[in-house]
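> below is the sequence, then the predicted model.
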Amino acid sequence: MTTLKATDLQIFYGKHHAVRDVTIEIPENRITALIGPSGCGKSSVLRCFNRLNDLIPGFSLDGEVTFNGENLYAPHIDPVEVRRRIGMVFQKPNPFPKSIYDNVAFGARMTQYTGDMDELVESSLKRAFLWDEVKDKLTKSGLSLSGGQRQRLCIARTLAGDPEVLLMDEPTSALDPVSTEKIEELMLSLKTDYTIAIVTHSLPQARRISDVTVFLNTEERGSDGIIGYLAETDETEVLFENPQLEVTKAYVTGRFG
Amino acid sequence: MAGKTNQSSLDRSWRNRRTIVGSIMTTVAGSCLVIALVPLVWVMGFVTVRAVGRLDLDLLTQLPPAPGLEGGGIANALIGTLMVLLVATVISVPIGVLSALYLSEFDQGGPWTRRVRFATNILSGVPSIIAGLFVFGLMVRSGLTGYSAFAGGAALALVMLPTIVRTAEEALQLVPQDLRWAALGCGATRFRTVKEIVLPAAAPAIVTGVSLATARAAGETAPLIFTALFSPYWPENFREAVATLSVLVYNFASVPFTAQQDLAWTAAFILILVVLITKILATIAVRKRQ
């Protein structure tokens, strides 16, 4: 079963052609890792899946992006609705300057949640492995937490909106190893209920947690700088142990990037 | 070693040209600083000395005396200033803050942002008497309101508007982009993002900017002289000419009666005090946020 799918995706920022010819699938209830050197457009591709790129002036796209078979860029699609179903966790933990409770509740209120808010906040925080650390200080500011806790708060906030897919854009690159490990554990526990796509700079991380890996590479393109393209995608184990392409092998063994 | 005989002493020498030029320049720069501070201290000191004799309860409760009489106060001008400021803020704050919101949150670097920024820069450079003249032509001469607190407030609103647009836009720009992305990533609409995340985060800075603009406007005289005009009586409504502190200073300072002159100095003192206190409160508020 495929949840998200990109076909012949081309990404432009203004006149700059940033990413070309990406055809990938993000399968349901699995973790898909997007890896590749800087500038390969892995974050750009990720943001196409919940239309966050719409916010960047000059962005345009060609090709097709579908969610459960529906074209996300069809004219009748409401990007706000898309983002409610496909949540995003950012590189830099970005809780709102509100209380811990209100941070989580914000995610739920956006989706017109009408049930018991206290219960939802608690269950979201529990799912994000944060409840025990914050249950006595829910009224404290989200900004009073440590970096790792903040990121788990952001995950709880996204979960409270009850999305089907979690997109994570280098969620641990600003965190220490202990916090990183907690978030990785958390992702593994979430994949039974959610489809997860994660952009990561860390090859060991991709290897530890993902089921499928997408390797995007860069190439020189005349005077217009570099362009990202899809090099290879496969089951994580195959991609790391037995890649088809020489360039993939060079990248996953750390010879460049 | 051969080089050792050449080695100069490390002691500071007052005959060295570099040392002499250095000390002279330091002295010149220091004196300029003192010269720059003198007028400030002088103005404040002078006004305070002239005002201190009249800082009493009558000042805040009485009308100005008739020419030739003693005592009296500037209560009508205090109320009048508050009235024109009320009109000015009611007009300029919503327009200014909403414009800034549009520029910062909905147009984001589009063609209108550049145009409106250019226009506000021009408007803030326009001498305030032009704002008065404009409102005089638009509202007073045309008979729309006549000389009134309304007209005075409208003129002050013109003076305040560019400052408010600019400070509010700066405040909104200071809200980290991450927060907008976070809210939109949660599935918030642009409107809710602005209303629930961006605006609350920028509110303290906007309030600070608005209060500074208001305090500055309180001291403006030129836009009020021929819009709010002046009145020796109690203000009764917004449709009549009212006294204001700044126009009172202008009128009373040049009359040959001591009681009026004293009131002018005291009104000037109060204006300085208002600007000073607002500035201090704003600074404290900003520091608290950091």
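Received, thanks.
> hey, let's count contacts and neighbours off CA atoms from now on
Will do.
> what strand or helix carries A:Tyr251?
Assessed by DSSP states H and E, A:Tyr251 sits inside helix A:246-252.
> my error: substitute A:Thr66 in the last question.
strand A:59-67.
> now the helix holding A:Tyr251: buried residues?
A:Val247, A:Thr248, A:Lys249, A:Tyr251, A:Val252 (16 or more other C-alpha atoms under 10 Å in any protein chain shown).
> looking at those residues, spot the one nearest A:Arg30.
A:Val252 (20.8 Å; C-alpha to C-alpha).
> now A:Leu167, which residues is it bridged with?
A:Met88, A:Ala197 (DSSP bridges).
> the residue of the stretch 101-250 of chain B found nearest chain A in helix, strand or coil?
The minimum distance from the stretch 101-250 of chain B to chain A, using C-alpha to the nearest C-alpha, falls at B:Gly187 (4.4 Å). Under DSSP: H, G, I helix; E, B strand; the rest coil, B:Gly187 falls in the coil class.
> next one: phi and psi at the residue nearest to A:Glu25 when sequence neighbours are not counted?
Nearest residue to A:Glu25, sequence neighbours excluded (C-alpha to C-alpha, 6 or more residues apart in numbering or on different chains): A:Lys5, at 4.4 Å. Main-chain dihedrals, A:Lys5, degrees, to the nearest 10: phi -150, psi 130.
> residues near A:Lys5, how many?
22 (other C-alpha atoms under 10 Å in any protein chain shown).
> now the helices for the stretch 101-250 of chain A?
Here the stretch 101-250 of chain A has its helices, by DSSP state H, counting those that start in this stretch, at A:117-127, A:131-134, A:147-160, A:177-190, A:203-209, A:236-241, A:246-252.
> contact partners of the fifth one?
If you take C-alpha atoms under 8 Å, 6 or more residues apart in numbering or on different chains as the criterion, helix A:203-209 is touched by A:Ile31, A:Ala33, A:Ile35, A:Glu184, A:Met187, A:Leu188, A:Thr200, A:Thr213, A:Thr236, A:Glu237, A:Phe240, A:Val252.
> mind giving me a markdown table with those and columns for distance to chain B and pLDDT?
Converted to a markdown table, the contacts of helix A:203-209 look like this (distance: C-alpha to the nearest C-alpha, whole Å; pLDDT from 0 to 100):
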| residue | distance to chain B | pLDDT |
| --- | --- | --- |
| A:Ile31 | 20 | 93 |
| A:Ala33 | 20 | 93 |
| A:Ile35 | 22 | 92 |
| A:Glu184 | 21 | 91 |
| A:Met187 | 18 | 90 |
| A:Leu188 | 22 | 91 |
| A:Thr200 | 19 | 92 |
| A:Thr213 | 24 | 92 |
| A:Thr236 | 28 | 90 |
| A:Glu237 | 31 | 88 |
| A:Phe240 | 32 | 90 |
| A:Val252 | 31 | 88 |
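> which strands or helices does the longest helix belonging to chain B pack on?
The longest helix of chain B (DSSP state H) is helix B:17-52. If you count contacts as 3 or more C-alpha pairs under 8 Å, 6 or more residues apart in numbering or on different chains; DSSP states H and E, helix B:17-52 packs onto helix B:258-289.
> B:Val47 touches B:Leu271, doesn't it?
No. Using C-alpha atoms under 8 Å, B:Val47 is not in contact with B:Leu271; the gap is 10.5 Å.
> ok, and the closest non-adjacent residue to B:Leu86?
B:Gly153 (7.3 Å).
> actually B:Gly219, not the one I typed
B:Ser246 (5.7 Å).
> for the stretch 1-150 of chain A, which residues are neighbours of chain B?
Within the stretch 1-150 of chain A, the positions near chain B by C-alpha under 8 Å from any C-alpha of the partner chain are A:52, A:80-84, A:87-90, A:92, A:94-97, A:107, A:110-111.
> buried residues, the helix or strand hosting B:Pro204. List them.
If you go by DSSP H and E, B:Pro204 is part of helix B:199-218. Across helix B:199-218, burial judged by 16+ other C-alpha under 10 Å covers B:199-202, B:204-218.
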